[in-house]
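1. Provided below for reference: sequence and predicted model.
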Amino acid sequence: MTEQQPQKEAPPAQNTVPPIVINSTPEKQKTSEEGTSEFLKEMQESAGQISELSAEEDSIVNHFFGSLNKILKPFGKTLEISIPALPKKYQEQVSKAHLYLTGQLVLVYTNGEVEILNLADHENHEILVDISNEILMKLKTVITSYRTKTENRVRFLMPIAKELQKIAEVFSEK
(Lines give C-alpha, C1' and ligand atoms only; values in the text may rest on other atoms or scores of the structure.)
Protein backbone atom coordinates (compact mmCIF):
# COMPACT_ATOMS: atom_id res chain seq x y z
CA MET A 1 0.00 0.00 0.00
CA THR A 2 1.36 3.34 -0.95
CA GLU A 3 1.09 6.16 1.35
CA GLN A 4 -0.84 9.10 0.04
CA GLN A 5 0.42 12.48 0.84
CA PRO A 6 -2.08 14.90 2.19
CA GLN A 7 -3.37 17.15 -0.57
CA LYS A 8 -3.05 20.87 -0.19
CA GLU A 9 -6.30 22.70 -0.01
CA ALA A 10 -6.83 25.27 -2.74
CA PRO A 11 -6.96 28.81 -1.42
CA PRO A 12 -10.48 30.13 -1.17
CA ALA A 13 -11.54 32.13 -4.24
CA GLN A 14 -11.53 35.83 -3.62
CA ASN A 15 -14.60 37.72 -4.59
CA THR A 16 -13.53 41.02 -6.19
CA VAL A 17 -17.06 42.24 -6.79
CA PRO A 18 -18.80 43.52 -3.68
CA PRO A 19 -22.08 41.83 -2.98
CA ILE A 20 -25.21 43.66 -4.08
CA VAL A 21 -27.30 44.81 -1.16
CA ILE A 22 -30.87 45.78 -1.76
CA ASN A 23 -32.45 47.72 1.03
CA SER A 24 -36.00 48.82 0.50
CA THR A 25 -36.56 50.80 3.63
CA PRO A 26 -38.78 53.85 3.13
CA GLU A 27 -35.96 56.20 4.21
CA LYS A 28 -33.62 54.83 1.54
CA GLN A 29 -36.41 55.08 -1.04
CA LYS A 30 -36.90 58.74 -0.25
CA THR A 31 -33.18 59.39 -0.66
CA SER A 32 -33.21 57.52 -3.95
CA GLU A 33 -36.19 59.56 -5.16
CA GLU A 34 -34.47 62.79 -4.14
CA GLY A 35 -31.31 61.65 -5.93
CA THR A 36 -33.26 60.86 -9.06
CA SER A 37 -35.01 64.20 -8.88
CA GLU A 38 -31.68 66.02 -8.50
CA PHE A 39 -30.22 63.99 -11.35
CA LEU A 40 -33.11 64.94 -13.62
CA LYS A 41 -32.81 68.61 -12.63
CA GLU A 42 -29.10 68.54 -13.50
CA MET A 43 -29.89 66.96 -16.87
CA GLN A 44 -32.54 69.62 -17.53
CA GLU A 45 -30.08 72.41 -16.67
CA SER A 46 -27.46 70.88 -18.96
CA ALA A 47 -29.98 70.57 -21.77
CA GLY A 48 -30.96 74.22 -21.30
CA GLN A 49 -27.31 75.27 -21.36
CA ILE A 50 -26.78 73.26 -24.55
CA SER A 51 -29.65 75.13 -26.14
CA GLU A 52 -28.28 78.52 -25.06
CA LEU A 53 -24.73 77.66 -26.12
CA SER A 54 -25.95 76.37 -29.46
CA ALA A 55 -27.79 79.63 -30.15
CA GLU A 56 -24.71 81.60 -29.09
CA GLU A 57 -22.51 79.41 -31.31
CA ASP A 58 -24.77 80.09 -34.32
CA SER A 59 -24.61 83.82 -33.63
CA ILE A 60 -20.81 83.76 -33.31
CA VAL A 61 -20.44 81.82 -36.55
CA ASN A 62 -22.70 84.31 -38.36
CA HIS A 63 -20.60 87.20 -37.03
CA PHE A 64 -17.44 85.33 -38.04
CA PHE A 65 -18.56 85.01 -41.65
CA GLY A 66 -19.97 88.53 -41.72
CA SER A 67 -16.57 89.83 -40.66
CA LEU A 68 -14.74 87.53 -43.05
CA ASN A 69 -16.92 88.81 -45.88
CA LYS A 70 -16.17 92.44 -44.97
CA ILE A 71 -12.44 91.77 -44.71
CA LEU A 72 -12.10 89.84 -47.96
CA LYS A 73 -14.63 91.76 -50.07
CA PRO A 74 -12.16 94.53 -51.07
CA PHE A 75 -9.73 91.85 -52.19
CA GLY A 76 -12.36 89.85 -54.06
CA LYS A 77 -10.73 86.67 -52.88
CA THR A 78 -11.56 83.24 -51.75
CA LEU A 79 -9.20 81.45 -49.42
CA GLU A 80 -7.54 78.28 -50.54
CA ILE A 81 -7.53 75.86 -47.63
CA SER A 82 -4.64 73.42 -47.51
CA ILE A 83 -5.58 69.75 -47.47
CA PRO A 84 -3.74 68.99 -44.17
CA ALA A 85 -5.88 71.64 -42.44
CA LEU A 86 -9.05 69.70 -43.29
CA PRO A 87 -10.46 67.04 -40.96
CA LYS A 88 -8.82 63.66 -41.51
CA LYS A 89 -11.89 62.15 -43.18
CA TYR A 90 -11.43 64.56 -46.12
CA GLN A 91 -7.64 64.59 -46.44
CA GLU A 92 -7.22 61.49 -48.62
CA GLN A 93 -10.22 62.16 -50.85
CA VAL A 94 -9.99 65.91 -51.49
CA SER A 95 -7.60 67.47 -53.99
CA LYS A 96 -8.56 71.15 -53.47
CA ALA A 97 -10.55 73.18 -50.97
CA HIS A 98 -11.64 76.83 -51.16
CA LEU A 99 -13.50 78.94 -48.63
CA TYR A 100 -15.82 81.52 -50.15
CA LEU A 101 -16.67 84.83 -48.50
CA THR A 102 -20.14 83.58 -47.66
CA GLY A 103 -18.85 80.72 -45.53
CA GLN A 104 -19.13 77.94 -48.06
CA LEU A 105 -16.30 75.46 -48.23
CA VAL A 106 -15.96 74.01 -51.70
CA LEU A 107 -14.29 70.61 -51.74
CA VAL A 108 -13.01 69.20 -55.01
CA TYR A 109 -12.49 65.46 -54.71
CA THR A 110 -9.79 63.50 -56.51
CA ASN A 111 -12.49 61.79 -58.61
CA GLY A 112 -13.70 65.21 -59.86
CA GLU A 113 -16.79 65.46 -57.67
CA VAL A 114 -17.48 68.79 -55.99
CA GLU A 115 -19.13 69.21 -52.61
CA ILE A 116 -20.18 72.50 -51.07
CA LEU A 117 -20.41 72.64 -47.29
CA ASN A 118 -22.02 75.64 -45.66
CA LEU A 119 -19.85 76.14 -42.58
CA ALA A 120 -22.53 78.37 -41.07
CA ASP A 121 -24.73 75.27 -40.73
CA HIS A 122 -24.55 73.84 -37.23
CA GLU A 123 -23.50 70.37 -38.38
CA ASN A 124 -20.39 71.87 -40.06
CA HIS A 125 -19.15 73.98 -37.14
CA GLU A 126 -16.54 71.35 -36.23
CA ILE A 127 -15.01 71.72 -39.70
CA LEU A 128 -14.91 75.48 -39.19
CA VAL A 129 -13.10 74.97 -35.89
CA ASP A 130 -10.66 72.54 -37.57
CA ILE A 131 -9.73 75.01 -40.32
CA SER A 132 -9.92 78.23 -38.28
CA ASN A 133 -6.13 78.47 -37.83
CA GLU A 134 -5.69 78.07 -41.57
CA ILE A 135 -8.28 80.80 -42.19
CA LEU A 136 -6.52 83.19 -39.82
CA MET A 137 -3.11 82.49 -41.38
CA LYS A 138 -4.51 83.10 -44.87
CA LEU A 139 -6.22 86.31 -43.73
CA LYS A 140 -2.96 87.55 -42.27
CA THR A 141 -1.19 86.81 -45.55
CA VAL A 142 -3.86 88.58 -47.61
CA ILE A 143 -3.90 91.64 -45.34
CA THR A 144 -0.11 91.86 -45.12
CA SER A 145 0.20 91.54 -48.88
CA TYR A 146 -2.39 94.26 -49.45
CA ARG A 147 -0.67 96.55 -46.94
CA THR A 148 2.70 96.01 -48.65
CA LYS A 149 1.22 96.79 -52.08
CA THR A 150 -0.46 99.93 -50.70
CA GLU A 151 2.78 101.09 -49.04
CA ASN A 152 4.65 100.59 -52.33
CA ARG A 153 2.08 102.64 -54.25
CA VAL A 154 2.21 105.43 -51.66
CA ARG A 155 6.04 105.49 -51.76
CA PHE A 156 5.92 105.63 -55.55
CA LEU A 157 3.21 108.29 -55.80
CA MET A 158 4.36 110.57 -52.94
CA PRO A 159 7.32 112.21 -54.75
CA ILE A 160 5.34 112.46 -58.00
CA ALA A 161 2.45 114.18 -56.23
CA LYS A 162 4.84 116.64 -54.53
CA GLU A 163 6.48 117.54 -57.85
CA LEU A 164 3.11 117.95 -59.53
CA GLN A 165 2.05 120.32 -56.71
CA LYS A 166 5.16 122.44 -57.34
CA ILE A 167 4.41 122.56 -61.03
CA ALA A 168 0.76 123.41 -60.35
CA GLU A 169 1.86 126.35 -58.14
CA VAL A 170 3.83 127.80 -61.07
CA PHE A 171 0.71 127.79 -63.23
CA SER A 172 -1.52 129.18 -60.49
CA GLU A 173 0.74 132.25 -59.99
CA LYS A 174 0.01 133.58 -63.47
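-> Now that the structure is in, tell me what you want to look at.

2. now do the strand or helix carrying Lys96: which elements does it pack against?
-> Taking DSSP states H and E as the criterion, Lys96 maps to strand 94-99. With contacts taken as 3 or more C-beta pairs under 8 Å, 6 or more residues apart in numbering; DSSP states H and E, strand 94-99 sits against strand 79-80, strand 104-109. Just so you know, the C-beta spots here come from the backbone N, C-alpha and C atoms, and that holds for glycine as well.

3. go through it and flag the buried ones.
-> By neighbour count on 16 or more other C-beta atoms under 10 Å, the buried set for strand 94-99 is 94, 97, 99.

4. could you dump those residues to CSV with pLDDT?
-> Below are the buried residues of strand 94-99 laid out as CSV (pLDDT from 0 to 100):
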residue, pLDDT
Val94, 96
Ala97, 96
Leu99, 95
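
5. which residues of this protein fall in helices?
-> Using DSSP state H, the helices of the chain run over 26-72, 88-91, 125-172.

6. ok so, going back, which among the helices and strands packed on strand 94-99 is found nearest to Met158?
-> strand 79-80 (32.1 Å; C-beta to C-beta).

7. if I look at the residue most central in space within the chain, how far off is Val170?
-> For the chain, Val129 is the residue whose C-alpha lies nearest the centre (C-alpha atoms, centre = their mean; 1.0 Å). Here Val129 is placed at a distance of 62 Å from Val170 (C-beta to C-beta, to the nearest Å).

8. one more: Gly35?
-> Going from Gly35 to Val170 by C-beta to C-beta gives 94 Å.

9. got it, and Phe65?
-> Look at Phe65 and Val170: by C-beta to C-beta, they are 53 Å apart.

10. with neighbour numbers in mind, choose between those two.
-> Neighbours around Phe65 and Val170, counted as other C-beta atoms under 10 Å, are more numerous at Phe65. The numbers are 20 against 8.

11. excluding sequence neighbours, find me the nearest residue to that one.
-> Gly103 (3.8 Å; C-beta to C-beta, 6 or more residues apart in numbering).

12. the one you found: how many residues sit nearby?
-> 20.

13. was I right about it contacting His63?
-> No - Gly103 is beyond contact range of His63, at 11.1 Å (criterion: C-beta atoms under 8 Å).
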